[in-house]
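Student: okay, here's the prediction I keep looking at, along with the sequence it came from:
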Amino acid sequence: KAGVTQTPRYLIKTRGQQVTLSCSPISGHRSVSWYQQTPGQGLQFLFEYFSETQRNKGNFPGRFSGRQFSNSRSEMNVSTLELGDSALYLCASSLKREPGNTIYFGEGSWLTVV
Amino acid sequence: TQLLEQSPQFLSIQEGENLTVYCNSSSVFSSLQWYRQEPGEGPVLLVTVVTGGEVKKLKRLTFQFGDARKDSSLHITAAQPGDTGLYLCAGYNAGNMLTFGGGTRLMVKP
């Protein structure tokens, strides 16, 4: 069974630009969540989608947005990029939305903003 | 905001030594998970603890959930170089949001 796939793996953007990251969850998984990982702040929750609806949102500015499609694939978008947005963006999928549920992470998308 | 504090942040030990990593919070979590992350990869779930006082063993790794469900520990016996990595604890709150600790970066030298 294929794991969580994230694309692109690496990208470099300029301040002010916008970026879209894609995530294909494990087949059959309907919950997709996104996290930002930086050396200074660690792993921080961005948002969670289930059945095409955003169920939870972390404490990030409105420049960060996401969506989920009917096939459970998800995208996240960051507009007006800032240097501080440089990070590893991780997507995770799970079968259900229950606490303690096993979630599976992708390898992440490394974003560098210059 | 529910915070999870991990200690130590960094740990460098020799192969064969024992170690314990701590994960503490002032908040109660419905469940707590431990992950291990290697460079260039996403975190991989090691264990989920749900019941206060619960102890789970995974080969040389022992995980404990505090009685009040506010803290947890990870103990590794006879560490090996393959145990090197970033260890993360994470807790689910009532809103089903997963909050991560800052991580413990472990290096085991041969």
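Tutor: That came through fine. Numbers count the residues shown, from 1 in each chain, chains lettered A, B, ... in the order given.

Student: okay, CA-based contacts and neighbour counts for the rest of this
Tutor: OK.

Student: how about the closest residue to chain B within chain A, what does it touch?
Tutor: For chain A and chain B, the shortest gap (C-alpha to the nearest C-alpha) falls at A:Glu107, measuring 4.5 Å. A:Glu107 makes contact with A:Val4, A:Thr5, A:Gln6, A:Arg9, A:Leu90, B:Gly40, B:Glu41, B:Gly42, according to C-alpha atoms under 8 Å, 6 or more residues apart in numbering or on different chains.

Student: and the gap between the closest residue to B:Glu41 other than its chain neighbours and B:Gln37?
Tutor: Sequence neighbours aside, A:Glu107 is the residue nearest to B:Glu41 in space, at 4.5 Å (criterion: C-alpha to C-alpha, 6 or more residues apart in numbering or on different chains). When distances are taken as C-alpha to C-alpha, to the nearest Å, A:Glu107 and B:Gln37 turn out to be 10 Å apart.

Student: likewise for A:Gln68?
Tutor: With distances defined as C-alpha to C-alpha, the gap from A:Gln68 to B:Gln37 amounts to 26 Å.

Student: so between those two, which is more surrounded?
Tutor: Just comparing A:Gln68 and B:Gln37: by other C-alpha atoms under 10 Å in any protein chain shown the higher neighbour count belongs to A:Gln68, 23 against 17.

Student: beta partners for that one?
Tutor: A:Ser74 (DSSP bridges).

Student: for chain A, which segments count as strands?
Tutor: Using DSSP state E, the strands assigned to chain A run over residues A:5-7, A:10-13, A:19-24, A:31-38, A:42-50, A:53-57, A:64-68, A:74-78, A:87-94, A:104-105, A:109-113.

Student: can you add mean pLDDT and give those strands back as TSV?
Tutor: Shown next, in TSV, are the strands of chain A (pLDDT from 0 to 100):
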stretch	mean pLDDT
strand A:5-7	97
strand A:10-13	98
strand A:19-24	98
strand A:31-38	96
strand A:42-50	93
strand A:53-57	92
strand A:64-68	97
strand A:74-78	98
strand A:87-94	96
strand A:104-105	96
strand A:109-113	97
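
Student: buried only: go through the contacts of A:Glu107 for me.
Tutor: When the contacts of A:Glu107 are checked for burial by 16 or more other C-alpha atoms under 10 Å in any protein chain shown, the buried set is A:Val4, A:Thr5, A:Gln6, A:Arg9, A:Leu90, B:Gly42.

Student: fine by me, we can end here.
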